[in-house]
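A.B. asks: below is the sequence, then the predicted model.
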Amino acid sequence: MRNTTIVGICLVAALATLLAIGCSSSNDKMMNNDSNAQPAILRITPANGATAVSRSASVGIKFNTSMDTTTVMSGFHFSGGPGMQMWMDSMNTMGGMNQMGMMDCDNMMQMMDSLQLNGHFHWNATLDSCQFTPDSMMAANTEHMTFMYGQIKSHSGMMMNMGGGGMMGSDTGFTYHFTTAP
């Protein structure tokens, strides 16, 4: 019971931090495409919490610097519907915990990989923006989630700060959600 409460508190704290990042103002200080800058996400579309999103929409990500595209694509996960809900629910059950009551990140990411919606990336010429386009239309009136985690790097090799201090240590990652149109 105590482990479940601790995990729940950590989950709420991590999600609150992630929402604050995902809901930042569009007036945030825009950084130049500086190859020495620590990579950061400036904007994601559709916006976190958006509703009635077109079922054929792409997920757009704008970074503050040129990115190592391989690390971005390997750390990007996109899912929706019952599979996504199952993954999120598993974070609060023993299926997501190891025997010590800690998050079993390998198990969680294997599950997330198995739920991944297939698609392809398109990058701009400066490698600071990409679009992920699902291979098929997204389900109608369904919540979808983008989750990014891991060793995401800029083109110059600088590591992206993925939140640190959360349930999954320095590779906490972040999530955002949107719901498709009926």
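C.D. replies: That came in fine, so what should we check first? Because the structure is a prediction, the values reported are computed rather than measured.
A.B. asks: show me what contacts H120?
C.D. replies: By CB atoms under 8 Å, 6 or more residues apart in numbering, H120 lies in contact with F132, T133, D135. Backbone N, C-alpha and C define where each C-beta goes, glycine included.
A.B. asks: T175 - nearest residue in space that isn't next to it in sequence?
C.D. replies: Using CB to CB, 6 or more residues apart in numbering and skipping residues adjacent in sequence, the residue nearest T175 is F147, 4.8 Å away.
A.B. asks: likewise for A40?
C.D. replies: N64 is the one closest to A40 (CB to CB, 6+ apart), at 4.8 Å.
A.B. asks: hmm, that neighbour is touching A37, no?
C.D. replies: Yes - using CB atoms under 8 Å, N64 is in contact with A37, at 5.6 Å.
A.B. asks: more neighbours: which of those two?
C.D. replies: Between N64 and A37, counted using other CB atoms under 10 Å, the more crowded position is N64 (21 against 16).
A.B. asks: okay, that one: pLDDT?
C.D. replies: At N64, the pLDDT value in this model is 96.
A.B. asks: also the one 10 residues further on?
C.D. replies: Turning to S74, the model gives it a pLDDT of 92.
A.B. asks: what of the one 3 residues further on?
C.D. replies: We have a pLDDT of 88 for H77.
A.B. asks: any idea how far V72 is from H144?
C.D. replies: Distance from V72 to H144, counting by CB to CB, to the nearest Å: 18 Å.
A.B. asks: so D135 versus R43, what's the distance?
C.D. replies: Using CB to CB, D135 is found at 24 Å from R43.
A.B. asks: cool, and M137?
C.D. replies: 24 Å.
A.B. asks: of those two, which one has the most company?
C.D. replies: Counted by other CB under 10 Å, M137 and R43 do not tie: R43 has more neighbours, with 15 against 11.
A.B. asks: then that one would be within a strand, right?
C.D. replies: Yes - the assignment for R43 by DSSP: H, G, I helix; E, B strand; the rest coil puts it in a strand.
A.B. asks: run through the bridge partners of it.
C.D. replies: K62 (DSSP bridges).
A.B. asks: how about Q131?
C.D. replies: Bridge pairing for Q131 (DSSP bridges) gives the partners G60, H122.
A.B. asks: that one and K62 touch, don't they?
C.D. replies: No - look at Q131 against K62 with CB under 8 Å: they stay out of range, at 10.2 Å.
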